[in-house]
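A.B. asks: Here you go, sequence then predicted model.
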Amino acid sequence: MHVAIEIEVLTKTFGHGPDAITSVDGLSLHVDKGEIFGFLGPNGAGKTTTMKMLAGIIFPTSGTARLLGKPVGDVATRARIGFMPETVRLNTFMRADDFLAFNARLYGMDPGRSRQRAIEVLAQTGLAGRARSRVRDFSQGMMQRIVLAQAIINKPDLLFLDEPASALDPVGRRDLREIIMRLRNGGTTIFLNSHMLSEVELVCSRVGILNHGKLIRIDKLTSITRPVQVVDVRAEGLSEETAAAVRQLADKVEFGPDGRFTATLDSEEKIGRLAEIITLGGATLKEFSPRHLSLEAAFLKEIGEDKDG
Amino acid sequence: MKTIAIYTIGQTLRSRSMIAGLAVSLLYLAAVPLLSTTGGGPVMVGGSGEGGGAAPQFLMFSLSGLNLIGMFMALFIALGSIQSEIDNGTMALIITKPLSRSRVITGRWAGYALLLTGYVLVIGLVLWLAVLLGTGTLFLGFMPALALVGLNVITMMTLTFAISVFLPAAANAVLVFLVFIATTNLSLINIAGGGAGGPAVAVIGNAFRLALPVGVVGDQMHRFLASAPDQPALSSLFIAYEVFYIVALLLLAATAFKSKDLK
């Protein structure tokens, strides 16, 4: 069994009759074990609803989902799962270390082990110095760190992160990335909801894009942020003949000073051919940068918000 | 379940409702020095209900007060028990852990029940000891009466707790308070109806009391204190019903929570 998450035709409808709103509409997807899967979509697309269904917080109207080979809701399987919700305003009387030890106890750890894990995850999430601070007094960013800490206290095989970086400062985001990569290296599967596409781009191997409750694209990150066949070049000693050959190969070429030019090609295969023409023509390549579609641009294009068409 | 119960106790001990309830309870305790003493050895108050001077009135008054304070404290601590934790997101963290939703409910209920039982027991025993030491009067009917106070307090907490699965704190408070007032008024109707020779009114009154059976059990508590526990079977039935009522509400809460979509 290499699949960590199996979702089949999952649907969630809120309300009844004419006022009913379908938040997730027939969603099907699989996430492999050890994968970091990015789940993207605009506000109201149904990402958080999907995650809540997978975490057992809300129940699907129809469809099924299995986590680590067991149906969602299986109590024993939850011992292997971590969940970090998007918005939590913990109003607990507890201090940070006590709160985490309490969460560890809920995972069935004995008091000694709970206390030890609490100290470890406090250090991992950058809260070691706040172990005796009351959780209710935490800032939003610190709250997000401690909610992340409780999600990883059981060293999960499967981790759900819902907008984990939304309130984090750059240091916090770096720490989060390190935690994610460390967990991935340890074999943890991570299902990540995020609006921070730059963060997703840095850690995810595959992404799914949800819009109006439907999955509109699921692919490897490298396929989504594919080369767009525009190449920025700087070449020394470019002859007129070589320049003419470049013009012939490309759909469009814009020459600039110092041997710089930008070539727009009609296929990915021509990128290699372009480099070949330049070097065989006797010029020295100083810079050769095929442009890639950023995840943000790809995302906007997929959801139909790409202003450049 | 134990972890949830301990968490609930810790959380409740720091709540304003609990602190306020304890403060009011202490005011009751402060009335003990005002009691007159009978002097001499202990006086046993049994069967006839005689003896003890001002002590019986004080104990009746203070235990009735404890019954009322305890019930209102139970109401206030359990008001937002489930819905508030759903709203602030804490419940989402708890139910995603490897324990069933029914265990979350029973653990939380057990925490409140243990705390309130402890509260009733401590305050009640302090009252009893104060009367014993201050007046030398030993009330035999006190312990059963105190047990009924505990039962009433837990009943009130269970009703409020069960409603907290469905309603937010403010709506819960209004609903439980209305039920409490309604059943109290019905008890008056019941008494009036019985006194006027209208048995049908008494039957209807008792039937309505099933909605929150603390009134009849409270009456039974007074009888114990008056050392006259030999009452009609109806009161015993109400005590049994109150226990059933607690179990039924707890089951209802657990069942409803099991299939509830959280925020």
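C.D. replies: Done, it's in. Numbering: from 1, shown residues only, chains lettered A, B, ... in the order given.
A.B. asks: and stretch A:202-220, which residues are buried?
C.D. replies: Residues A:203-204, A:206-211, A:213, A:215, A:217-218 are the ones in stretch A:202-220 that count as buried (16 or more other CB atoms under 10 Å in any protein chain shown). In this view, the C-beta of every residue, glycine as well, is placed from N, C-alpha and C.
A.B. asks: what's the closest residue to A:Asp266 other than its chain neighbours in contact with, if anything?
C.D. replies: Distance criterion CB to CB, 6 or more residues apart in numbering or on different chains; nearest residue to A:Asp266, sequence neighbours excluded, is A:Asp251 at 5.3 Å. Contacts for A:Asp251 (CB atoms under 8 Å, 6 or more residues apart in numbering or on different chains) come out as A:264-266.
A.B. asks: what's the burial count for residue 86?
C.D. replies: No chain in the question, so chain A it is. For A:Glu86, the neighbour count with other CB atoms under 10 Å in any protein chain shown is 20.
A.B. asks: my bad, chain B
C.D. replies: Residues near B:Ile86, counting by other CB under 10 Å, number 21.
A.B. asks: part of a helix, is it?
C.D. replies: Yes - checked against DSSP: H, G, I helix; E, B strand; the rest coil, B:Ile86 lies within a helix.
A.B. asks: Point out where the stretch 151-263 of chain B drops to low pLDDT.
C.D. replies: B:184-207, B:216-235 (pLDDT under 70).
A.B. asks: Which residues of it lie near chain A?
C.D. replies: B:259, B:261-263 (CB under 8 Å from any CB of the partner chain).
A.B. asks: The chain: strands as residue ranges?
C.D. replies: Went with chain A since none was named. Secondary structure of chain A, counting by DSSP state E: strands at A:3-14, A:21-32, A:36-40, A:62-67, A:70-71, A:81-84, A:158-162, A:189-193, A:206-211, A:214-220, A:227-236, A:252-255, A:260-264, A:284-292.
A.B. asks: wrong one, chain B
C.D. replies: Listed in chain order, the strands found in chain B under DSSP E are B:43-45, B:137-139.
A.B. asks: mean pLDDT for those strands: which is lowest?
C.D. replies: Per-stretch mean pLDDT for the strands of chain B is lowest at strand B:43-45 (a mean of 47).
A.B. asks: Contact partners for B:Gly80?
C.D. replies: B:Gly80 makes contact with B:164, B:168-169, B:172, according to CB under 8 Å, 6+ apart.
A.B. asks: And for B:Ala182?
C.D. replies: By CB under 8 Å, 6+ apart, the contact set of B:Ala182 is B:208, B:211.
A.B. asks: how near is it to B:Ala173?
C.D. replies: Taking CB to CB, to the nearest Å as the measure, B:Ala182 falls 15 Å from B:Ala173.
A.B. asks: same thing with A:Leu183?
C.D. replies: Remark: distance between A:Leu183 and B:Ala173 (CB to CB) = 44 Å.
A.B. asks: Looking at the two, which is more packed in?
C.D. replies: Between A:Leu183 and B:Ala173, A:Leu183 has the larger neighbour count (other CB under 10 Å), namely 21 against 17.
A.B. asks: Isn't the more buried one up against A:Ile152?
C.D. replies: Yes - counting by CB atoms under 8 Å, A:Leu183 does reach A:Ile152; the two are 6.9 Å apart.
A.B. asks: Once you drop chain neighbours, what's closest to B:Ala74?
C.D. replies: Take B:Ala74 and drop its neighbours on the chain: the residue closest to it by CB to CB, 6+ apart is B:Met157, 3.6 Å away.
A.B. asks: And stretch A:164-171, what's buried?
C.D. replies: Residues of stretch A:164-171 classed as buried: A:164-165, A:167-168 (neighbour count, 16+ other CB under 10 Å).
A.B. asks: Name the residues of the stretch 1-150 of chain B found near chain A, please.
C.D. replies: Within the stretch 1-150 of chain B, the positions near chain A by CB under 8 Å from any CB are B:3-4, B:7, B:10-11, B:14, B:88-90, B:92-100.
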